[in-house]
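Trainee: My questions concern the predicted model and sequence given below.
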Amino acid sequence: MSLQVAILKVLASHDSGRATLASLKRDIAVLSASGAEWSARIKRLAARVAAIDIFGCGYVLRDAEGWQITAAGREFLDALEAVTQDNQPPVPVRRSADVPEASVRPEGALIVIGHRFKSRIGRHREAAPRNPRAI
């Protein structure tokens, strides 16, 4: 099952959507050996469908030149990869136990330093209006 999803992914990555069987095998071998991330991604995608027959459903066509993904195959792959709530990575929630005590401030505390702000407002109100022609 995950092999069929991998085939769809590899064919979709080609500009024409077409690859020879030898090229397809080589690409899948390289991607499979590239690390656990690729394998995990393909397994996650494959887990989203019960069963798939890429040839019987018309997602991939075979001929003498190789294999080609169809428009229906691209649509199926897009739907499979669509971001939904159940396939988004979990967002870590910070609990108060995760935050060091030194960085915790009481909520709603306002710190006021000096009275410069109040005195500035007072000076601007008392100042005489300027003559625009004097400038």
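Mentor: The structure has been received and is ready for your questions.
Trainee: so what secondary structure elements neighbour the one helix or strand residue 79 maps to?
Mentor: Assigned by DSSP states H and E, residue 79 belongs to helix 71-81. Using 3 or more Cβ pairs under 8 Å, 6 or more residues apart in numbering; DSSP states H and E, the elements in contact with helix 71-81 are helix 2-13. Just so you know, the C-beta spots here come from the backbone N, C-alpha and C atoms, and that holds for glycine as well.
Trainee: contacting residues around the helix or strand just after the helix it packs on?
Mentor: Heading C-terminal from helix 2-13, the first helix or strand you meet, by DSSP H and E, is strand 18-19. Residues from elsewhere that reach strand 18-19 (Cβ atoms under 8 Å, 6 or more residues apart in numbering): 10, 11, 27, 65, 66, 67, 68, 69.
Trainee: got a list of what the last one touches?
Mentor: The neighbourhood of residue 69, defined by Cβ under 8 Å, 6+ apart, consists of 8, 11, 12, 17, 18, 59, 60, 77.
Trainee: Could you list the low-confidence segments of the protein?
Mentor: Counting by pLDDT under 70, the chain has low-confidence residues at 1, 83-135.
Trainee: ranges for the strands of it?
Mentor: Using DSSP state E, the strands found in the chain span residues 18-19, 60-63, 66-69.
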